[in-house]
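Novice: Structure of the sequence below:
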Amino acid sequence: MRSELDRRYDEMLAKVTGPGGPLVLERDAQGRAIVSNFPSTLPAFFRTFCAVNAGKEALVAGDERLSFADLDRISERLAQGLVAKGVGKGDRIGIAMRNCPTWIVAYMAISKAGGLATLLNGWWQPHEMEHAVGLAEPKLILADEQRASRIAERCGKVDVFDLAIDRDIEEAVAPLVGTGNTTAALPAVSADDDATILFTSGSTGACKGAVSTHRAVTAATYAYATGLIVLRGLLEEDARAPLTQPRTLLSVPLFHVTGEVPVMLNSFVIGRCMVVMPKWDAAEALRLIQQERITYFVGVPTMSLELLNHPERDRFDISSLKDITGGGAPRPVAHVERLRREIPTAQPALGYGLTETNAVGCSNFWSNYAAKPASTGRPQRPYVEIGILDDDGGLLGAGQTGEIGIRSAANVRGYWRDPDATSGLFTAGGYVRTGDIGFLDDDGYLFIVDRKKDIIIRGGENISAAELEAALYGCNAVAEAAVFGIPDVRLGEVPMAVVALKEGEQMDEVALSAFLQGRLARFKLPAAIQISRTPLPRLGTGKFDRPQLKAQYRR
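Specialist: Numbers count the residues shown, from 1 in each chain. Purely as a prediction, here's the structure:
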């Protein structure tokens with residue numbers, strides 16, 4: 001039975017998207033809903049919403065404070081500097097930095113220069129950088145000192161601009177702005193032109209580059225903005241509308257789709273100030289929430305749990321928080337009620353989406369989340385269709401379990417230079433195959449029950465079991481290696497490795513762990529390694545019997 005909040009939400013959504021509402025909807029050639037009266041390309045998007053919100057504070061980073069007008073002006077000059085450096089329409093331009101104002105301005109400038117913002121994972125080790133750079137072949141990379149060093153170690157042929165991101169933004173970008181023709185003409189781009197490449201770990205190990213058009217990225221942003229516009233309308237009906245500018249803590253990495261779309265890009269639409277955290281630290285987050293009067297917090301569920309558990313939490317006034325949203329990993333049901341009880345000013349919420357859907361999918365919030373805390377919510381209407389797929393890609397009915405498919409105009413175009421993987425990503429009906437297993441209840445709420453792929457989600461980070469196994473096989477002493485996820489209270493799940501050694505080899509868990517150090521990003525390292533004295537169990541197909549291994553070793 002539809003909840004009272006769902007009824008009110010649907011009625012307000014009809015007002016917002018109906019005649020006289022702020023959003024005008026159309027259907028694209030595939031029948032998917034899009035917003036037709038907002039910009040469909042990122043250059044127009046930034047110029048429009050920076051003009052609408054020109055005088056509002058957009059970014060706070062330490063002592064530096066920038067307005068939306070500042071971001072537009074500086075990124076325009078940087079775009080002209082990039083063009084003067086030879087950047088042309090369609091060129092891939094890498095960004096390899098920690099969260100900082102330069103990252104955001106670089107993203108804006110790359111889109112204005114007609115390039116593809118290629119978001120390199122700042123946690124990668126040199127050989128992981130090498131794979132992504134070799135795949136995307138960026139014309140140049142804008143990096144901070146630490147990432148520039150890693151790239152130089154293994155990717156010597158690419159041009160890297162080492163920018164001093166700890167300086168004020170104008171100084172940081174001066175090497176690119178000051179030496180070029182700042183009146184260079186910027187190219188026109190269309191909604192169907194490629195805009196971004198984000199990297200995602202697949203079940204086969206090596207990361208793939210997910211390519212999105214300008215239409216897909218802007219469509220995803222408007223899906224999130226629509227939800228906030230509707231919820232604000234409900235608050236106004238209840239005479240509870242906020243009187244101050246919304247402010248969010250930018251605590252998730254910008255190279256992840258969550259940081260890029262629902263946090264960064266969505267902030268331009270709704271005029272929300274972003275307070276930058278260079279890296280996650282719960283104590284610093286509490287301090288910034290108090291100092292900057294943060295209203296909206298988003299992070300993987302682990303992060304909100306760390307706020308709750310911090311021993312000095314009561315020293316800080318965090319009553320400005322109105323919403324605490326989680327994404328990127330499941331949130332344990334017990335945490336939902338604890339958030340509601342211990343931070344009563346803020347309502348918990350949960351989102352579900354993929355890199356391949358530009359973070360678009362489902363959302364569960366407010367009293368609906370309290371009523372169904374095990375669900376990731378309803379599809380983001382009217383833009384998203386959730387299908388439960390059978391083995392042939394056909395649609396199953398309510399209550400039936402199958403692979404979750406997501407269909408919207410926000411879906412990526414495909415994987416960069418990988419037609420086979422692209423073909424396998426989509427069904428004939430245009431649904432992205434998520435690799436997650438779930439069902440829809442009679443109210444249209446999605447419940448995720450398992451994963452189809454050998455992917456481990458550790459605190460929001462995707463880890464390929466195959467990649468970790470391949471790293472273990474790099475050790476000459478290892479004969480067999482199987483990796484799988486085990487439950488973890490703080491991170492949701494963590495990788496565990498079970499290893500059989502070659503005959504006559506002597507090696508313990510500590511030595512194997514030391515062997516992996518530096519070969520993989522730290523978040524990919526197994527939380528536990530078990531040496532098996534017998535060969536690992538196998539199925540009749542010859543594959544490892546993972547269910548038996550999990551049952552044997554999960555505890």
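
Novice: Between the two ends of stretch 404-417, how far is it?
Specialist: 25 Å (C-alpha to C-alpha, to the nearest Å).

Novice: can I assume residue 19 sits in a helix?
Specialist: No - using DSSP: H, G, I helix; E, B strand; the rest coil, the assignment for residue 19 is coil, not a helix.

Novice: Kindly give the local confidence score, pLDDT, for it.
Specialist: The model reports residue 19 with a pLDDT of 94.

Novice: Pull the number of nearby residues for it.
Specialist: 7 (other C-beta atoms under 10 Å). For glycine as for every other residue, the C-beta is placed from the backbone atoms N, C-alpha and C.

Novice: Phi and psi next, for it.
Specialist: Main-chain torsions, residue 19, degrees, to the nearest 10: phi -50, psi 130.

Novice: Check the gap between it and residue 35 for me.
Specialist: Between residue 19 and residue 35 the computed distance is 15 Å (C-beta to C-beta, to the nearest Å).

Novice: Excluding chain neighbours, give the residue nearest to residue 233 in space.
Specialist: Leaving aside its sequence neighbours, residue 233 sits nearest to residue 12 (C-beta to C-beta, 6 or more residues apart in numbering; 4.5 Å).

Novice: quick one: the one you found and residue 26, what's the gap?
Specialist: According to C-beta to C-beta, residue 12 and residue 26 sit 20 Å apart.

Novice: Looking at the two, which one has more neighbours?
Specialist: residue 12 (19 against 10).

Novice: okay, the more buried one: pLDDT?
Specialist: For residue 12, pLDDT reads 97.

Novice: need the next SSE after the strand or helix carrying it, C-terminal direction.
Specialist: Element membership for residue 12 (DSSP states H and E) is helix 4-17. Scanning forward in sequence from helix 4-17 by DSSP H and E, the next helix or strand is strand 25-27.

Novice: Summarise which helices and strands the longest helix anywhere in the chain is packed against.
Specialist: Using DSSP state H to define each element, the chain has its longest helix at helix 214-237. Using 3 or more C-beta pairs under 8 Å, 6 or more residues apart in numbering; DSSP states H and E, the elements in contact with helix 214-237 are helix 4-17, strand 33-35, helix 42-52, strand 194-200, helix 266-270.

Novice: any residues touching the last one, and which ones?
Specialist: Okay, so that is helix 266-270. Helix 266-270 is contacted from outside by 38, 45-46, 49-50, 53, 58, 68, 221-222, 224-225, 228-229, 246, 248, 272-274, using C-beta atoms under 8 Å, 6 or more residues apart in numbering.

Novice: now the longest one
Specialist: The set of residues external to helix 4-17 that reach it, using C-beta under 8 Å, 6+ apart, is 2, 21-25, 226, 229-231, 233-234, 237, 366-368, 378, 381-382, 443.

Novice: By neighbour count, sort out the buried ones in those residues.
Specialist: The neighbour-count criterion (16 or more other C-beta atoms under 10 Å) marks 23, 25, 226, 229-231, 233-234, 366, 368, 378, 381-382 among the contacts of helix 4-17 as buried.

Novice: Strands of the stretch 1-150 of the chain, residue ranges please.
Specialist: For the stretch 1-150 of the chain, applying DSSP state E, counting those that start in this stretch gives strands covering 25-27, 33-35, 57-61, 64-67, 92-96, 116-119, 140-143.

Novice: Please tabulate the ones you listed in CSV, including the columns mean pLDDT and distance to residue 283.
Specialist: Output for the strands of the stretch 1-150 of the chain, formatted as CSV (pLDDT from 0 to 100; distance: least, C-beta to C-beta, whole Å):
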stretch, mean pLDDT, distance to residue 283
strand 25-27, 97, 44
strand 33-35, 98, 40
strand 57-61, 98, 18
strand 64-67, 98, 21
strand 92-96, 98, 27
strand 116-119, 98, 28
strand 140-143, 97, 28
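
Novice: what would the ones you listed look like in JSON lines with distance to residue 374?
Specialist: Listed next are the strands of the stretch 1-150 of the chain as JSON lines, based on distance: least, C-beta to C-beta, whole Å:
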{"stretch": "strand 25-27", "distance to residue 374": "31"}
{"stretch": "strand 33-35", "distance to residue 374": "28"}
{"stretch": "strand 57-61", "distance to residue 374": "36"}
{"stretch": "strand 64-67", "distance to residue 374": "41"}
{"stretch": "strand 92-96", "distance to residue 374": "37"}
{"stretch": "strand 116-119", "distance to residue 374": "32"}
{"stretch": "strand 140-143", "distance to residue 374": "42"}
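
Novice: Which one of those lies nearest to residue 199?
Specialist: Smallest distance to residue 199 across these (C-beta to C-beta): 7.1 Å, for strand 116-119.

Novice: What is the end-to-end distance of stretch 259-268?
Specialist: Start-to-end span of stretch 259-268 (C-alpha to C-alpha) is 13 Å.

Novice: cool, stretch 93-102 as well?
Specialist: Chord length of stretch 93-102, first to last residue, is 14 Å (C-alpha to C-alpha).

Novice: Repeat that for stretch 342-352.
Specialist: End-to-end distance of stretch 342-352 (C-alpha to C-alpha): 24 Å.

Novice: That stretch: which residues count as buried?
Specialist: Buried residues in stretch 342-352, counted by 16+ other C-beta under 10 Å: 343, 346, 347, 348, 349, 350, 351, 352.

Novice: hmm, back to that, would you list the buried ones among the contacts of helix 4-17 in TSV and tack on distance to residue 284?
Specialist: Below are those laid out as TSV (distance: C-beta to C-beta, whole Å):
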residue	distance to residue 284
23	37
25	41
226	32
229	31
230	33
231	28
233	34
234	33
366	28
368	32
378	34
381	36
382	39
